[in-house]
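Student: Generate a structure from the sequence data that follows.
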Amino acid sequence: MFWKSSFTRYLLALGMLALFSVPGAAIATYARGGDFTLTGPEGPLSLSDLRGKVVLIFFGYTACPDVCPISLARIHTCFSAMNAEELDRVRALFITVDPEHDTIDKLQKYTGYFHPNIIGLRDELETIKSVTDQYGIKFSKTMRPESAIGYSISHSTDILLLDSRGQIVESIPHNSEPTYLRARIRDLLNAP
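Tutor: Residues are numbered from 1 along each chain as shown. Take a look at the predicted model:
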């Protein structure tokens, strides 16, 4: 009798583990997040200005040698497979963690390489730190004399997916397939 109840508990635990290990299977309400205002190519932009749209948020910097361009290319691939109605209802925000280097012009040019629905945002470093704290994003600058720019910035690499109310619904690993990202966006676009 003991082995049956232990085996039942084991199966239940295994089922729970499987449920929570599948990306997107359990959508939690995150304590982090909320409204913010940063500077974009057309002036101040608040997250609340995008209410009604599904929003992706990615923190990075234009001199990033690998993760940032790969992540933005995945977002490009995702957006490029969407129709005009879907694209009208989705935006991606690329928030720099290197505001000393990333000017508005540089951000606009950089995001323009990927997709017009990707908006580069910046502000003073203290304001950026406030937003990264708000969203649970970690970053740190390390001086590297051998680097072309003299430093590198380690930063969180997940893409945050927000619903049309501005609530975080998922943190998607940057190396997820664009088809998965597109499917999750469509789930939110089709939500009641």
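
Student: rest of the way, CA atoms for contacts and neighbours
Tutor: Noted.

Student: what ranges do the helices span in the protein?
Tutor: 2-21, 67-80, 84-88, 104-112, 125-135, 178-189 (DSSP state H).

Student: Check the ones you listed for me: which has the lowest mean pLDDT.
Tutor: Between those, the lowest average pLDDT goes to helix 2-21, which shows a mean of 40.

Student: Surely M143 touches S154?
Tutor: No: using C-alpha atoms under 8 Å, M143 is not in contact with S154; the gap is 11.1 Å.

Student: Looking at those two, which has the bigger crowd around it?
Tutor: The residue with more neighbours, out of M143 and S154, is S154; 14 against 11, by other C-alpha atoms under 10 Å.

Student: And the pLDDT for the residue nearest the centre of the chain?
Tutor: The residue lying closest to the centre of the chain (C-alpha atoms, centre = their mean) is I159, at 2.4 Å. At I159, the model reports a pLDDT of 96.

Student: Mind listing the residues bridging to it?
Tutor: When assigned by DSSP bridges, I159 has beta-bridge partners I172.

Student: count of neighbours near R51?
Tutor: 14.

Student: ok, it to G166 distance?
Tutor: Applying C-alpha to C-alpha, to the nearest Å, the value for R51 to G166 is 6 Å.

Student: Repeat that for F114.
Tutor: Using C-alpha to C-alpha, one gets 23 Å for the distance from F114 to G166.

Student: again with K109
Tutor: 26 Å.

Student: Neighbour count: the two, which is higher?
Tutor: Using other C-alpha under 10 Å as the criterion, K109 and G166 rank with G166 on top: 21 against 13.

Student: coming back round to it: can you list residues touching both of M143 and S154?
Tutor: Common contact partners of M143 and S154 (C-alpha atoms under 8 Å, 6 or more residues apart in numbering): none.

Student: how long is stretch 41-52 from one end to the other?
Tutor: Stretch 41-52: ends 21 Å apart by C-alpha to C-alpha.

Student: what pLDDT, on average, does it get?
Tutor: 97.

Student: and for that stretch, what are the contacting residues?
Tutor: 34-39, 89, 104-105, 108, 119-121, 164-166.

Student: make it 6 Å
Tutor: 35-39, 104, 164-165 (C-alpha atoms under 6 Å, 6 or more residues apart in numbering).

Student: What of stretch 129-137?
Tutor: The contact list for stretch 129-137, computed with C-alpha under 6 Å, 6+ apart, reads 32-33, 156.

Student: filter these to the buried ones?
Tutor: Neighbour-count burial (16 or more other C-alpha atoms under 10 Å) applied to the contacts of stretch 129-137 gives 33, 156.
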